[in-house]
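Peer 1: Generate a structure from the sequence data that follows.
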Amino acid sequence: MEFWVVFVQTLIKAVIMAGVAFGGIRLGKYLRDRKSADAAGQAEKEES
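Peer 2: A predicted model of the protein is given here:
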């Protein structure tokens with residue numbers, strides 16, 4: 001019985017860690033896209 005308790009606890013921890021990792025990837029992509037858009041906007045201003 002103890003095996004299943006530890007197994008479920010480990011599974012829950014793995015799901016939480018996967019959620020945090022996925023959130024970090026999404027946040028990083030959002031921030032990178034925003035920075036790229038800002039850089040493109042500044043490049044257009046300098047050309048004008």
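
Peer 1: Could I get the average pLDDT for the helix or strand that contains Tyr30?
Peer 2: Using DSSP states H and E, Tyr30 sits in helix 2-47. Within the predicted structure, the mean pLDDT of helix 2-47 is 91.

Peer 1: for it, the distance to its chain's centre please.
Peer 2: 0 Å (Cα atoms, centre = their mean, to the nearest Å).

Peer 1: Packing partners of that helix?
Peer 2: Judged by 3 or more Cβ pairs under 8 Å, 6 or more residues apart in numbering; DSSP states H and E, helix 2-47 is in contact with no other helix or strand. In this view, the C-beta of every residue, glycine as well, is placed from N, C-alpha and C.

Peer 1: Next one: Gly19 from Ser36, what distance?
Peer 2: According to Cβ to Cβ, to the nearest Å, Gly19 and Ser36 sit 26 Å apart.

Peer 1: cool, and Ala14?
Peer 2: Ala14 is 33 Å from Ser36, by Cβ to Cβ.

Peer 1: One more: Gly23?
Peer 2: As defined by Cβ to Cβ, Gly23 lies at a distance of 20 Å from Ser36.

Peer 1: for Lys13, same thing?
Peer 2: Counting by Cβ to Cβ, the gap from Lys13 to Ser36 is 35 Å.

Peer 1: for Glu2, same thing?
Peer 2: Separation of Glu2 from Ser36 (Cβ to Cβ): 51 Å.

Peer 1: With neighbour numbers in mind, choose between these two.
Peer 2: Just comparing Glu2 and Ser36: by other Cβ atoms under 10 Å the higher neighbour count belongs to Ser36, 10 against 6.

Peer 1: give me the number of residues near Phe3?
Peer 2: Count around Phe3 with other Cβ under 10 Å applied: 7.

Peer 1: Please read the previous query as pertaining to Ala39.
Peer 2: As a burial measure, Ala39 scores 10 neighbours (other Cβ under 10 Å).
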